[in-house]
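Engineer: got a predicted structure here, sequence first:
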Amino acid sequence: MNHEALSQNTQLNNATLLEIIKAQSEIAKLGLDLGGVMAYVAERAEQLTGATGAVVELAEGADMVYRAASGNVASLLGLRLARATSLSGLCVNTGEILRCDDSEMDPRVDREACRRAGLRSMLVTPLKHLETTVGVLKVMKPDVNGFSDEDIRLLSLMSELIAAAMFHAAQHETSELYLRATHDALTGLPNRALFYDRLRQSVDLAVRSSGGLGVLNLDMDGLKPINDRYGHRAGDAAIRETAERLLRNSRRVDTAARVGGDEFALLLPGVTRRADAQAHSLRLMEKVGEPFEFEGQRIDLGVSIGVAVLPEDGTEMTSLIDYADRSMYETKRERKHSR
């Protein structure tokens, strides 16, 4: 999509068109980070349409999977819905823009799911890659008749931004598209969306089987000083080195993910005792904390880790994440005071 094409869409006001152009510029900065592009577009679509929530869903087999989520549905990242019974699935199957003005009166939607989410109206636009509809961009509101014809035009343009990013990230293979959408471009690790997907499934499995699950939240110590002193290339090298050390010191069944700029997370399936999870976190802090060489410079690394264990610290995804997050900040404070 170019600026000339945007200017020809006279049915959108100039302020909105300017926001779309600004979004194009921000997306260009994200490069091949397709997960980052989807997260950014979901957030901007929510803001520009006045929605309370927005998601990017990708069609994966019989499921529609939340691969980016913003607003009041941000905590649902990684959620899987049945493609056959959802408005998003219908959008993928038809390749058409769909609007639901009242979920209580629309036979195409899952009424109970809408009630649980507290929404009454939705707007869903298809995401196409190589002439195939592979997902949707969806915005939601708690009010009936929440979206206008202008919102349809706006969301169509926003979906084209994602489609363009999809093409540049994976020009030939749809399988490559899913890899780009679910993995971090710098480290190759699963990104936040895929981590939440696996966490949600792991929690469900552990609860059903009365098993256990360890969740580790990891935050790099001192990344900003590395960037300031040695430059961002060194900072990127430090992030990659941290990722490689996490992988080398984890089991094959574990999931290591990069979930933010200097944030990582680790799933430990089958771990039922806090002592085991704590012991693993101490080993990781020791291994990751060893210095590394970058262009002749010896650079110190470090990581603070928080631990949560199912069922001891909760049996829901959000409670485990919150507990591990609080535990990580407590560890970081203790490490600062001990220096």
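Structural biologist: Cool, the structure landed. This one's a predicted model, so the numbers in the text were calculated from it and none came from an experiment.

Engineer: going forward, measure contacts between C-alpha atoms and count neighbours the same way
Structural biologist: Fine.

Engineer: and the strands in the protein?
Structural biologist: For the chain, the strands defined by DSSP state E cover 53-60, 63-71, 80-82, 98-100, 121-129, 132-141, 213-220, 255-258, 263-269, 292-294, 297-299, 303-310.

Engineer: got the contact list for the last one?
Structural biologist: Think strand 303-310. Strand 303-310 is contacted by residues 203, 206, 212-221, 271-274, 277-278, 281, 285, 288-289, 320-321, 323-332, 335 when judged by CA atoms under 8 Å, 6 or more residues apart in numbering.

Engineer: tell me the buried residues within the residues you listed.
Structural biologist: 203, 206, 212-221, 271-274, 277-278, 281, 285, 288-289, 320-321, 323-329, 331-332 (16 or more other CA atoms under 10 Å).

Engineer: this protein: helices as residue ranges?
Structural biologist: Ranges of helices within the chain are 3-7, 14-30, 34-49, 87-94, 111-117, 149-169, 174-182, 192-208, 223-230, 232-248, 274-288, 317-337, based on DSSP state H.

Engineer: hmm, back to that, now distance to I226 and mean pLDDT too, for the strands of the chain, in JSON lines please.
Structural biologist: Formatted as JSON lines, those follow (distance: least, CA to CA, whole Å; pLDDT from 0 to 100):
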{"stretch": "strand 53-60", "distance to I226": "34", "mean pLDDT": "94"}
{"stretch": "strand 63-71", "distance to I226": "30", "mean pLDDT": "95"}
{"stretch": "strand 80-82", "distance to I226": "39", "mean pLDDT": "91"}
{"stretch": "strand 98-100", "distance to I226": "48", "mean pLDDT": "98"}
{"stretch": "strand 121-129", "distance to I226": "39", "mean pLDDT": "94"}
{"stretch": "strand 132-141", "distance to I226": "38", "mean pLDDT": "94"}
{"stretch": "strand 213-220", "distance to I226": "11", "mean pLDDT": "97"}
{"stretch": "strand 255-258", "distance to I226": "18", "mean pLDDT": "97"}
{"stretch": "strand 263-269", "distance to I226": "15", "mean pLDDT": "97"}
{"stretch": "strand 292-294", "distance to I226": "11", "mean pLDDT": "93"}
{"stretch": "strand 297-299", "distance to I226": "8", "mean pLDDT": "93"}
{"stretch": "strand 303-310", "distance to I226": "14", "mean pLDDT": "96"}
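
Engineer: which one, of those, ends up nearest to D184?
Structural biologist: In terms of CA to CA, the element of the strands of the chain nearest to D184 is strand 255-258, at 6.7 Å.

Engineer: in terms of secondary structure, what does that closest one contact?
Structural biologist: Packed against strand 255-258, as judged by 3 or more CA pairs under 8 Å, 6 or more residues apart in numbering; DSSP states H and E, are the following elements: helix 192-208, helix 232-248, strand 263-269.

Engineer: cutoff 6 Å now
Structural biologist: Other helices and strands packing on strand 255-258, by 3 or more CA pairs under 6 Å, 6 or more residues apart in numbering; DSSP states H and E, are strand 263-269.

Engineer: quick one, the strand it packs on and helix 232-248 angle?
Structural biologist: Counting by axes from the mean of the first three to the mean of the last three CA atoms, to 10 degrees, strand 263-269 points 10 degrees away from the direction of helix 232-248.

Engineer: pairing partners for strand 263-269, with directions?
Structural biologist: strand 213-220 (antiparallel), strand 255-258 (antiparallel) (DSSP bridges).

Engineer: so which of those gets nearest E57?
Structural biologist: Proximity to E57 (CA to CA) singles out strand 255-258 among the strands paired with strand 263-269, at 20.0 Å.

Engineer: in that closest one, what counts as buried?
Structural biologist: 255-258.

Engineer: swap in stretch 30-42?
Structural biologist: Those would be 32-42, for stretch 30-42 by 16+ other CA under 10 Å.

Engineer: need the mean per-residue confidence for that stretch.
Structural biologist: What stretch 30-42 shows for mean pLDDT is 84.

Engineer: where in the protein is pLDDT low?
Structural biologist: Across the chain, the ranges flagged by pLDDT under 70 are 1-12, 31-32, 169-175, 338-339.

Engineer: which residue lies nearest the spatial centre of it?
Structural biologist: A193 (3.1 Å; CA atoms, centre = their mean).

Engineer: alright, I will stop here.
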